[in-house]
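Novice: here is my input, please return the structure:
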Amino acid sequence: MELFNQLKNNSKYRLRFELGLVELEGKEYFKEIYHRIFSIFDFLFDTNDTIMFITAINESVEYKGKDLPNIQRFLKDKKLIYGLSCKTVPYEFDEEDIEMRTTLYSLKVKKESIRRNYLFQAISNQDFARKPSIMGNVYLLNLSQNTLLHMYDDRGCDVYGLNKENLLPLYHKFRKWILDYNRIQIDHIFEEGLFNYSESSTEMEDRLITNTFRENETEINLYGGNTCIITHQLEIPQEDVEKCVYEMKQTGFKIEIDKNQLDCIVLKAIKTEALAMIDYQTELMSLYSKKYNGKYEGWSAKRER
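Specialist: Numbering: from 1, shown residues only. Sure, this is the predicted structure:
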């Protein structure tokens, strides 16, 4: 378990991907989740890799009164369960607190031994009255590549690596799925994208004040459970437009050319998202404008439904 602890608790290299999209409903919502997590799983794990299948159970809350989790149902070969081992981990804030300890159940498998679809459906259903479902947290540790995959629920997943090179191909392949909330931080970790670009304290304060003013104008509750089509407007010099559009398309925003002026292009960056994400989106737009020598003109929003 040393590699598991090193990756989960001490690695600075982590990617966080968005799986569930707020603008989708019903079957389409889950279809997109499965498409994304299956794609990430297949990219991370090869048929020859040795995988440590780990289930973490908080005994006092999640699995009280049961001997061990029913891991067999996620395996094609039920006999693999005989390789199961377990280890109890003390509560990190109080080693004497027995009720808060966690038990880690683990066994080594190959990729083809995992019922991939069934497993990720069960994790996706944790917050829904749907079957299959699962208790606890499941981690897939790639012992061959030194990477760790953790799908925490229907909203997203984390991928950890020992070094930057472990995760760079994944970062490049699925940049569109990186959560906006974490995108700037992740770009800095991998020294690409918006690395070396930041706002001054005055710029940040002005932007947040403007966001509050615009929210009041739209009469949409910024912190409510709502879904909006959010449109950002940027003014970018002609000579920088091509590079700017290429990079911004890697974020999952739809990019449109609004106006073609003499020395600059007015771009629209559009995404359907919960309006509560506006502070993170406007920081992104502000920094892309700065990187490509342009100006961020602001945003507008309308309810998606």
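Novice: C-alpha from now on. contacts and neighbour counts both.
Specialist: Will do.
Novice: output the below-cut-off pLDDT ranges for the protein.
Specialist: Residue ranges of the chain with pLDDT under 70: 59-69, 90-100, 224-225, 305.
Novice: all helices of the stretch 1-150 of the chain, in order?
Specialist: Shown for the stretch 1-150 of the chain, the helices assigned by DSSP state H, counting those that start in this stretch span residues 2-5, 26-44, 116-124.
Novice: out of those, indicate the one that is most buried.
Specialist: Ranked by mean neighbour count under mean count of other Cα atoms under 10 Å, the helices of the stretch 1-150 of the chain are led by helix 116-124, which reaches a mean of 19.
Novice: ok, residues contacting that helix?
Specialist: Contact with helix 116-124 is made by 30, 33-34, 37-38, 74, 131-134, 151-154, as judged by Cα atoms under 8 Å, 6 or more residues apart in numbering.
Novice: please redo it, this time with the cut-off set to 10 Å
Specialist: Helix 116-124 is contacted from outside by 19-20, 30, 33-34, 37-38, 41-42, 71, 73-76, 130-138, 151-156, using Cα atoms under 10 Å, 6 or more residues apart in numbering.
Novice: report the angle between that helix and helix 26-44.
Specialist: Put simply, helix 116-124 runs at 120 degrees to helix 26-44, going by axes from the mean of the first three to the mean of the last three Cα atoms, to 10 degrees.
Novice: got the CA positions of helix 116-124 in PDB?
Specialist: C-alpha atoms of helix 116-124 as PDB (Å, rounded to 0.1, in the frame of the first residue of the first chain):
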ATOM      1  CA  ARG A 116     -15.600  -2.200 -16.100                       C
ATOM      2  CA  ASN A 117     -19.100  -1.100 -17.200                       C
ATOM      3  CA  TYR A 118     -20.800  -2.600 -14.100                       C
ATOM      4  CA  LEU A 119     -18.200  -1.100 -11.700                       C
ATOM      5  CA  PHE A 120     -18.500   2.500 -13.000                       C
ATOM      6  CA  GLN A 121     -22.300   2.300 -13.200                       C
ATOM      7  CA  ALA A 122     -22.300   1.300  -9.500                       C
ATOM      8  CA  ILE A 123     -20.100   4.200  -8.600                       C
ATOM      9  CA  SER A 124     -22.200   6.600 -10.700                       C
END
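Novice: list the contacts for residue 254?
Specialist: 231, 245, 248, 268, 269, 270, 271, 272.
Novice: thinking again about what came up before, from the contacts of helix 116-124, list just the buried residues.
Specialist: For those, a burial check counting by 16 or more other Cα atoms under 10 Å picks out 19-20, 30, 33-34, 37, 41, 71, 74-75, 133-138, 151-154, 156.
Novice: in strands, which of those appear?
Specialist: Among the buried ones among the contacts of helix 116-124, DSSP state E puts 137, 138, 151, 152, 153, 156 in strands.
Novice: any idea how far residue 141 is from residue 110?
Specialist: Distance, residue 110 to residue 141, using Cα to Cα, to the nearest Å: 11 Å.
Novice: identify the contacts common to those two.
Specialist: Contacts common to residue 110 and residue 141, judged by Cα under 10 Å, 6+ apart, are 45, 49, 50, 51, 52, 53.
Novice: what is the burial count for the third one?
Specialist: What it means is residue 50. Neighbourhood size, residue 50 [other Cα atoms under 10 Å]: 17.
Novice: with residue 219 instead?
Specialist: Neighbour count for residue 219, taken as other Cα under 10 Å: 9.
Novice: contact partners for residue 56?
Specialist: Here residue 56 is in contact with 62, 69, 86-89, 102-106, 135-139 (Cα under 10 Å, 6+ apart).
Novice: let's go with 7 Å and repeat that
Specialist: By Cα atoms under 7 Å, 6 or more residues apart in numbering, the contact list for residue 56 reads 102, 103, 104, 105, 136, 137, 138.
Novice: which residues does the nearest residue to it once chain neighbours are set aside bridge with?
Specialist: Closest residue to residue 56 apart from its sequence neighbours, by Cα to Cα, 6 or more residues apart in numbering: residue 104 at 4.6 Å. As for beta bridges, residue 104 partners with residue 56, residue 87 under DSSP bridges.
Novice: go ahead and confirm residue 104 touches residue 85.
Specialist: No - contact criterion Cα atoms under 7 Å: residue 104 and residue 85 do not qualify, at 8.2 Å.
Novice: the two: who's more crowded?
Specialist: Between residue 104 and residue 85, counted using other Cα under 10 Å, the more crowded position is residue 104 (20 against 12).
Novice: could you check how far that one is from residue 216?
Specialist: From residue 104 across to residue 216, the span is 48 Å (Cα to Cα).
Novice: for residue 294, same thing?
Specialist: Residue 294 is 27 Å from residue 216, by Cα to Cα.
Novice: same question, residue 138
Specialist: Distance from residue 138 to residue 216, counting by Cα to Cα: 42 Å.
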